[in-house]
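>>> Starting from these lines, generate the structure:
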Amino acid sequence: MTRARGCGNARHAPASGRRMAPARTGEGGAARRMPGAHTQLVVLAAPGDVPAWLGAALRWLSGVTVEFAGSTDALLALLASGMRTVVFAQLCRDNGEGLFLPSRLAAARDEGRLAAVPPVVYATELSRQALASHARLAGEAGVPVHILCERSPHAVAGALRQVIASLPDVPHGAAPSRGAAADRQQGCEAAFVDALARDEGFRIVVQPQFSLRDGRIVGAEALSRWSHPEFGAVSPATFIPWTQDAARAQRFFFLQLGRVVAVLERAARLGRAVPVAVNVPCALLSSAGFVPAFERALAQASLPASLIKLELTESEPVLDELALSSSIHWLRARGFGVSMDDFGTGAASLKMLCDMPFDEMKIDGALVRRMADSPALGGALAATVHLGLARGMTVVAEGIESVQAVAALRAAGCSAGQGYALCRPLEAADYLQRLAAGGGLPGLGASVPASRHPAVESGEGL
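Next up, the predicted model:
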């Protein structure tokens, strides 16, 4: 049975056998918790401001404690309960406080005040299309947002039940303490630094790249993975920032390069080798000692330079463009490929594209995933492809997650791509096995009936 606090404006009669608890709200309009419920629904509204249709919908929920928060601060305080939680907010022209909920939730998580963020359900007078980009950005920040345009009690209750049913068993709510979370983070970083010095727990997975015209494997990208006996599999989004120190960056790069060389040598013996890219920060590539260290690392490798590609990654502006230009020109002169990663976001700027002698441009996956929702973005992406082709570069699209994206990219002239709609990242042995078997996707974009290719499997994003 739904337990609710202070639905003073809910005029619809409760369903048979259901009743709403009397209103008892705390300071700021936030209701005190009731024990015994498995899930809580926190409504961003003072009890007296709840519309009739929502009050009626709440009566149709069972096993849910409904709490009311008159402000975002009061709402955040309610999330310390450790219960499975959903947040509900109305969006209207007169009150847009709910729009700031995703950013406030993400900030509370990043500050250690929340172990995880609950999903947000918006009931809105605005069109779904008008909120689509906001919801997408919230999702990218780790805050799931659901948009509800219905007003009937049954429809609202049904939508809320679906969101509640999707909640994980791990409870949302506050971390044990900010200090404990920080201590664990510091412990994990120390373990990473030690593992890096010892070369323990690291491996690569390989993301194949396919021709969007005939489905052949034309290249690949090596992606880093690290696991630890105590901390388990640690996300690259967590440990990559720990490699920003110059000495760590160099150690980490050459550790990954050694694994890529081993994969390429085995692929060459199979007669199936294609170029594999290794990610390298611009700051490392432009450092004084990089070129001789790179030469020494490859001195014993019996591989043509064309099989090794360096993929530049950078979230900050390049400080020494002249040094970077020198390194890239040297690499190109020796026959190595140089790719500009994540074009369209961050420091991957048009100026850098024009100033540096890249032979490949990779379009950021976030742009590829969003182009179906935005005609303007689709046009900009097509112009980006033409720009790369006009400069004589190969253009590779990242983050391809649907057959529709394949068709749009082919129409725009993009020649290659990678993403879950084509193939998930593979363990090195599986990648070599796929190469040995031919590995391609014949009839790419024509023979896949569903919105995603059958090769799609759950796992980490690109």
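
>>> for the chain, what's the longest strand?
With secondary structure taken from DSSP state E, the chain has its longest strand at strand 217-228.

>>> in stretch 299-319, what's buried?
Neighbour-count burial for stretch 299-319 flags 301, 305, 307-314, 318 (criterion: 16 or more other CB atoms under 10 Å). The way it works is simple: take the backbone N, C-alpha and C, and place the C-beta from them, glycine included.

>>> Tell me which other helices or strands the least confident helix or strand in the chain by mean pLDDT touches.
Using mean pLDDT, DSSP states H and E, helix 128-140 stands out as the lowest-scoring helix or strand of the chain, at a mean of 78. In this structure, helix 128-140 packs against helix 101-110, strand 120-124, strand 145-148, helix 365-370, with contacts taken as 3 or more CB pairs under 8 Å, 6 or more residues apart in numbering; DSSP states H and E.

>>> What are the structural domain limits within this structure?
Following automatic domain parsing, one finds the domains of the chain at 27-165, 179-436.

>>> Please produce CSV containing those domains, extended by distance to residue 444.
Listed next are the domains of the chain as CSV, based on distance: least, CB to CB, whole Å:
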stretch, distance to residue 444
domain 27-165, 26
domain 179-436, 4
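
>>> and residue 442, which of those domains is closest to it?
Minimum separation from residue 442 across those (CB to CB) falls at domain 179-436, 5.2 Å.

>>> what's the spacing between the closest one and its chain's center?
Centroid displacement of domain 179-436 relative to its chain, using CA atoms, centre = their mean, to the nearest Å, is 16 Å.

>>> so for that domain, what's the average pLDDT?
For domain 179-436, the mean per-residue pLDDT is 89.

>>> what do you get for stretch 115-123?
Confidence over stretch 115-123, taken as the mean pLDDT, stands at 86.

>>> And that stretch, end to end?
Terminal residues of stretch 115-123 are spaced 26 Å apart (CA to CA, to the nearest Å).

>>> One more: stretch 260-279?
By CA to CA, the extent of stretch 260-279 from end to end equals 11 Å.

>>> who touches it?
Under the criterion CB atoms under 8 Å, 6 or more residues apart in numbering, residues 204, 206, 217-222, 224, 253, 256-257, 298, 301-303, 306-311, 313, 337, 339, 341, 428, 431-432, 435-436, 439 lie in contact with stretch 260-279.

>>> ok, 7 Å please
204, 206, 217-222, 256-257, 301, 303, 306-311, 313, 337, 339, 428, 432, 435-436 (CB atoms under 7 Å, 6 or more residues apart in numbering).

>>> Pull up the pairing partners for the longest strand of the chain, direction included.
Strands that pair with strand 217-228, judged by DSSP bridges, come out as strand 202-211 (antiparallel), strand 232-234 (antiparallel), strand 276-281 (parallel).

>>> So residue 252: helix, strand or coil?
State at residue 252, reduced to three classes by DSSP: H, G, I helix; E, B strand; the rest coil: helix.

>>> Verify the contact between it and residue 245 for me.
No. Residue 252 is beyond contact range of residue 245, at 9.6 Å (criterion: CB atoms under 7 Å).

>>> Same drill for these two, tell me which one is more crowded.
Summary of the neighbour comparison: residue 252 and residue 245, criterion other CB atoms under 10 Å, with residue 252 having more neighbours (25 against 11).

>>> Quickly note the distance from that one to residue 281.
Summarising the geometry, the distance separating residue 252 from residue 281, computed by CB to CB, to the nearest Å, is 9 Å.

>>> Kindly report the same for residue 392.
As defined by CB to CB, residue 392 lies at a distance of 25 Å from residue 281.

>>> can you check residue 366 too?
Relative to residue 281, residue 366 is positioned 20 Å away (criterion: CB to CB).

>>> what about these two, which has more around it?
A count of neighbours by other CB under 10 Å puts residue 281 above the other of residue 366 and residue 281, at 21 against 17.

>>> The more buried one against residue 311, yeah?
No. In this structure, residue 281 is not within contact of residue 311 by CB under 7 Å, at 10.4 Å.

>>> just the angle between the least confident helix or strand of the chain and helix 101-110, please?
Regarding helix 128-140 and helix 101-110, their directions subtend 0 degrees when assessed with axes from the mean of the first three to the mean of the last three CA atoms, to 10 degrees.

>>> Pull out the buried positions in helix 128-140.
With the criterion 16+ other CB under 10 Å, helix 128-140 contains buried residues 131, 134-136, 138.

>>> The closest residue to residue 182 other than its chain neighbours - how many residues pack around it?
Distances taken as CB to CB, 6 or more residues apart in numbering place residue 112 nearest to residue 182, at 6.3 Å, with adjacent residues excluded. Counted with other CB under 10 Å, residues neighbouring residue 112 total 18.

>>> Name the helix or strand for residue 112, please.
Taking DSSP states H and E as the definition, one finds residue 112 inside no helix or strand.

>>> where's it relative to residue 120, distance?
For residue 112, the distance to residue 120 - CB to CB - is 20 Å.

>>> What is the neighbour count of the nearest residue to residue 135 once chain neighbours are set aside?
Ranked by CB to CB, 6+ apart and with sequence neighbours excluded, the top spatial neighbour of residue 135 is residue 145, at 4.0 Å. By other CB under 10 Å, the residues close to residue 145 number 21.

>>> Would you list the phi and psi of residue 399?
Taking degrees, to the nearest 10, you get phi 70, psi 30 for the backbone angles of residue 399.

>>> Quick one: neighbours of the nearest residue to it once chain neighbours are set aside, just the number.
Of all residues beyond its chain neighbours, the one nearest residue 399 is residue 365 (2.1 Å), with distances taken as CB to CB, 6+ apart. For residue 365, the tally of surrounding residues (other CB under 10 Å) stands at 21.

>>> Surely residue 365 touches residue 401?
No. Counting by CB under 7 Å, residue 401 is not a contact partner of residue 365; they are 8.4 Å apart.

>>> Give the intersection of the neighbour lists for the two.
Contacts common to residue 365 and residue 401, judged by CB under 7 Å, 6+ apart, are residue 419.
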